[in-house]
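Engineer: Next come a sequence and a model predicted from it.
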Amino acid sequence: MPREDFERNLKLVQDEVVQLSSMVEKAIFKSIDSLKRRDLGASQQVIDEDDIIDAKQEAIENRCIDLIALESPMAVDLRVIIAAMMVANELERMGDYAEGIAKISLAMGELPPLKPLIDIPRMADKAVDMLRRSIESYVNRDIVAAKGVFHDDDEVDEMYEQVYRELLTYMMRDPTTIQRATYLLWVSHDLERVADRTTNIAERVMFLVTGKTEMD
Amino acid sequence: MVLEKKHMKNADAALTAKNLNVYYGDFLAIKDVNMAMKRNSVTALIGPSGCGKSTFLRCLNRMNDLITSASVRGEILFEDLNIYSDKVDATEIRSKIGMVFQKPNPFPKSIYQNIAFGLKVNGFSGDIDEAVERSLHQASLWEEVKDRLDDSAFTLSGGQQQRLCIARALAVEPEVLLMDEPASSLDPIATLAIEDLVRDLKAHYTIIIVTHNMQQAARVSDETAFFMVGENRSGYLVEHDDTQRIFTNPSNEKTEEYITGRFS
Amino acid sequence: MASELRPVSDRLRRKRTYRRVLGGIFYGLFLASVCVGIIGLVVLLYEVLSNGLPWINWQFITDYPSRHPEEAGLFSALMGTVWLMGMTALFTVPVGVGAAIYLEEYAPRNILTRVIEINVANLAGVPSIVYGLLGLALFVTWFQLGRSILAGSMTLSLLVLPIVILSSREAIRAVPDSYRQAAYAMGADQWQVIKQVILPSAAPGILTGTILAMSRAIGEAAPVIAISALVYLTFVPAHPMDRFTVLPIQIYNWIARPQDEFRGLAAAGIIVLLVILLTMNAIAVFLRNRYQVRSEE
């Protein structure tokens, strides 16, 4: 088969992107979970493990650069490699958001949470679901699934609006809650950003398959 | 079916092939090519060996006339005239559509005489010295040879000889320059020099270049035409589009197969 | 040593020795063949030189033949040879080169061309006396040119024409096709390509071929004898229609004489002939080398 080595390397890059996405998934989950349960040790772990995520993204990027330099990829091969690089980049930023959430968890320290966390974990579940589906659409080259993820972002934006309004109400009623409310605001903001980045991944999938960047 | 790019206005096309079929005896080497080649731009012809790209190139200046078994059906339009019509003199066409070959082939004469040859043969009545200098400038060779114009052409390196052949072709002031794998016998540095030259030349000439090096086609051309071997070993045109599109997102599956090297 | 690194089987070793011995035998045989040729040549040269050298002097070259050996010279034969060669070249070169150009550049690849080619090659092998008889019948008698240098040179032309045609064709064929392609691609028509590209490149080869043809013609006694007869001339030809004699004839004349001294004279004549031949060949080789170096860079 022609270019057997090259094919294998392309597959390898894709597998690594999938691995990175699962690492990021776990990080997001763990950061929200440790926030909920007030497990400061777990939060610290998320912060430490972000280095591993960064290293993985860098490894993927370097492999892609090597492939471009050495294999002169054209057309769909070129798009596959570029897409892998960009998706890895998005994943790494998502990992940073998970780290941010974990840092907030540490900053909150021994303070009790402002309110029982319901909406925020729901946002997190939705964001992680979008991440999972966007990576699936990447692996399966499925533009229908990608478009689906793209449109789900509206839902997450609404949830964010809701959380924002609720927290504002708290802060206006009782100024002493401002610090804790602000922390939670940051967390939901980070989750909204995570969901947003999954739509970027969906756009890359469109680009990979069709060579165009417009959705629809 | 041929994927021809967006309709090009006639004035923009320097050369147009219409229903071109080329036979060597009974063997159909090229089948039904329809293609418009844009003026003042570089069009690359790519494809696997035996796909007919060199044969097609040689039709554009009627060099196939020299092969007794070759017969050409269809038309090649140049300046609103079919160059294969009986009214057209092949030697006159060749002074308007020049050619550079794969292996540099300077005459066993001096550098000056090589360039003056085309002028003399076409009855040039102006200042030959000036024309020689102009051609050498155009081929980016003047500085290197200006002090030794009477030296034999064979004292030049391979890359310089090829530039000399380009200067020689340019001396008769053609409108179109056909290049048949001009850099394939040269080392990488000389190759890049030729590519730079091609880029400079397209401002004044229309260039059609056959190359088996896809990266070269990608670097140097504005439009690319992909030829392929079809049934009965006849070559045909598969796709012709902007180079940028062909190499990032071609429309035809076969083009993509060839470009990504999955063609075997 | 390879034999220490890997034990070679006994059968392989024996075969190798056998091949080596066989190689040595063949080498010896080929060497012997060369020696036969060389020895023969050396003996011949020795004979000629020892007999002829004493007779070589300026007077020999400039005197006319005479019944007295001491006064005999070969001036008339020498001049006759020069005249004959000059006029032969005059006929042969244009016709031979022209034919070669036609066959290589113009003739279509069909049966008629093939027939012509085969016949030209065959003509090169026809015995020279046949040409002599042809010349006698055609030029001397029918064209009524008499036993003149004109008739003789036209006959010799026919004889060496195939050689010139063949070698000119080779020279033209040796011109790289890439030159033709380059010339046509610039808008040259066929005659321009031939005149300005092919002929200049082929010229050294054509020249060499012509000289070699001439050096073959110089030694041909049979056709010249048929045309001019075994004459004993004491004058130098003054115009093309004159009678003439050539070196081979003069040499034969002397060999036929009974006196021993004439044998020496004949040897001397052979030396002169050989010198001329060697010079012509040397020029041909020199020219070929000089132009080959220039064009094959």
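Structural biologist: Great, that's in hand.

Engineer: Assumed B:Leu237 was part of a strand.
Structural biologist: Yes: judged by DSSP: H, G, I helix; E, B strand; the rest coil, B:Leu237 forms part of a strand.

Engineer: Please report how far it lies from B:Ala116.
Structural biologist: 38 Å (C-beta to C-beta, to the nearest Å). Every residue, glycine included, has its C-beta placed from N, CA and C.

Engineer: Which one's more surrounded, these two?
Structural biologist: More neighbours surround B:Leu237 than the other of B:Leu237 and B:Ala116, with 26 against 21 (other C-beta atoms under 10 Å in any protein chain shown).

Engineer: show me where the stretch 1-150 of chain C has helices.
Structural biologist: In the stretch 1-150 of chain C, the segments counted as helices under DSSP state H, counting those that start in this stretch are C:2-5, C:10-52, C:58-62, C:75-101, C:111-123, C:128-135, C:149-174.

Engineer: which one is the closest residue to chain C within chain A nearest to, not counting chain neighbours?
Structural biologist: Going by C-beta to the nearest C-beta, chain C is nearest to A:Ser72 of chain A, at 31.5 Å. Spatial nearest neighbour of A:Ser72, excluding adjacent residues (C-beta to C-beta, 6 or more residues apart in numbering or on different chains): B:Gln215 at 5.7 Å.

Engineer: counting contacts, what elements does the strand or helix carrying that neighbour pack onto?
Structural biologist: Assessed by DSSP states H and E, B:Gln215 sits inside helix B:214-220. Applying 3 or more C-beta pairs under 8 Å, 6 or more residues apart in numbering or on different chains; DSSP states H and E, we find helix B:214-220 packed against strand B:42-46, helix B:188-201, helix B:243-248.

Engineer: ok, now with 6 Å
Structural biologist: On a contact count with 3 or more C-beta pairs under 6 Å, 6 or more residues apart in numbering or on different chains; DSSP states H and E, helix B:214-220 meets strand B:42-46, helix B:188-201.

Engineer: Tell me the buried residues in that helix?
Structural biologist: B:214, B:216-220 (16 or more other C-beta atoms under 10 Å in any protein chain shown).

Engineer: Can you add pLDDT and give these back as CSV?
Structural biologist: Shown next, in CSV, are the buried residues of helix B:214-220 (pLDDT from 0 to 100):
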residue, pLDDT
B:Met214, 89
B:Gln216, 93
B:Ala217, 93
B:Ala218, 91
B:Arg219, 92
B:Val220, 93
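
Engineer: and of these, the nearest to C:Ala121?
Structural biologist: B:Gln216 (47.9 Å; C-beta to C-beta).

Engineer: For whichever residue of the stretch 151-264 of chain B sits closest to chain C, which three-state class applies?
Structural biologist: In the stretch 151-264 of chain B, the residue that lies nearest chain C is B:Phe154 (3.7 Å; C-beta to the nearest C-beta). For B:Phe154, the assignment made with three-state DSSP gives helix.

Engineer: Any idea how many residues pack against it?
Structural biologist: Neighbours of B:Phe154 (other C-beta under 10 Å): 16.

Engineer: Which positions in the stretch 101-250 of chain B make contact with chain A?
Structural biologist: For the stretch 101-250 of chain B, the residues in contact with chain A (C-beta under 6 Å from any C-beta of the partner chain) are B:215, B:247, B:249-250.

Engineer: and these, which are buried?
Structural biologist: Judged by 16+ other C-beta under 10 Å, buried ones among those: B:247, B:249-250.

Engineer: any chance of the residues you listed in CSV, plus pLDDT and distance to C:Ser66?
Structural biologist: Formatted as CSV, the entries for these read as follows, by pLDDT from 0 to 100; distance: C-beta to C-beta, whole Å:
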residue, pLDDT, distance to C:Ser66
B:Phe247, 91, 94
B:Asn249, 89, 101
B:Pro250, 91, 96
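
Engineer: what sits against the single nearest residue of the stretch 101-250 of chain B relative to chain A?
Structural biologist: Closest contact between the stretch 101-250 of chain B and chain A, by C-beta to the nearest C-beta, is at B:Asn249 (3.2 Å). Neighbour list for B:Asn249: A:Gly211 [criterion: C-beta atoms under 6 Å, 6 or more residues apart in numbering or on different chains].

Engineer: Read off the pLDDT value for residue 201.
Structural biologist: I went with chain A, as the question did not name one. Looking at A:Ile201, its pLDDT reads 95.

Engineer: Chain C is the one I meant
Structural biologist: 89.

Engineer: wouldn't it be in contact with C:Arg173 here?
Structural biologist: No: under the criterion of C-beta atoms under 6 Å, C:Ser201 makes no contact with C:Arg173, lying 11.1 Å away.

Engineer: Settle it for me: which of these two has more neighbours?
Structural biologist: Between C:Ser201 and C:Arg173, counted using other C-beta under 10 Å, the more crowded position is C:Ser201 (21 against 14).

Engineer: Assign that one to helix, strand or coil.
Structural biologist: On the basis of three-state DSSP, C:Ser201 is classed as helix.

Engineer: Ok, B:Glu75 next?
Structural biologist: From three-state DSSP, the assignment for B:Glu75 is strand.

Engineer: Help me confirm that it comes into contact with B:Lys18.
Structural biologist: Yes: counting by C-beta under 6 Å, B:Glu75 touches B:Lys18, with 4.3 Å between them.

Engineer: For C:Arg169, give me its contacts.
Structural biologist: C:100, C:104 are the contacts of C:Arg169 under C-beta under 6 Å, 6+ apart.

Engineer: Oh, that last question was meant for C:Leu150, not what I typed.
Structural biologist: C:Pro240.

Engineer: and if we set it to 7 Å?
Structural biologist: By C-beta atoms under 7 Å, 6 or more residues apart in numbering or on different chains, the contact set of C:Leu150 is C:87, C:240-241.

Engineer: any idea how far the residue of chain A found nearest chain B is from B:Glu253?
Structural biologist: Closest contact between chain A and chain B, by C-beta to the nearest C-beta, is at A:Gly211 (3.2 Å). Distance of A:Gly211 to B:Glu253, given as C-beta to C-beta: 14 Å.

Engineer: Please apply the same query to B:Ile207.
Structural biologist: 29 Å.

Engineer: Settle it for me: which of those two has more neighbours?
Structural biologist: Taking other C-beta under 10 Å, B:Ile207 and B:Glu253 do not tie; B:Ile207 has more neighbours (25 against 10).

Engineer: before we move on, what SS does that one have?
Structural biologist: State at B:Ile207, reduced to three classes by three-state DSSP: strand.

Engineer: Next, name the residue at the spatial heart of the chain.
Structural biologist: Picked chain A for this. The residue lying closest to the centre of chain A (C-alpha atoms, centre = their mean) is A:Met94, at 3.5 Å.

Engineer: um, chain C though
Structural biologist: C:Arg216 (2.8 Å).

Engineer: same for the strand or helix carrying it, what does it pack against?
Structural biologist: Here C:Arg216 sits within helix C:199-219, counting by DSSP H and E. The contact analysis (3 or more C-beta pairs under 7 Å, 6 or more residues apart in numbering or on different chains; DSSP states H and E) places helix C:199-219 against helix C:75-101, helix C:149-174, helix C:260-295.

Engineer: mind listing what's buried in the longest one?
Structural biologist: The one in question is helix C:260-295. Those would be C:262-273, C:276, C:280, C:284, C:287-288, C:291, C:295, for helix C:260-295 by 16+ other C-beta under 10 Å.

Engineer: how about the nearest residue to B:Arg233 once chain neighbours are set aside, secondary structure?
Structural biologist: Sequence neighbours aside, B:Gly50 is the residue nearest to B:Arg233 in space, at 6.7 Å (criterion: C-beta to C-beta, 6+ apart). Under three-state DSSP, B:Gly50 falls in the coil class.
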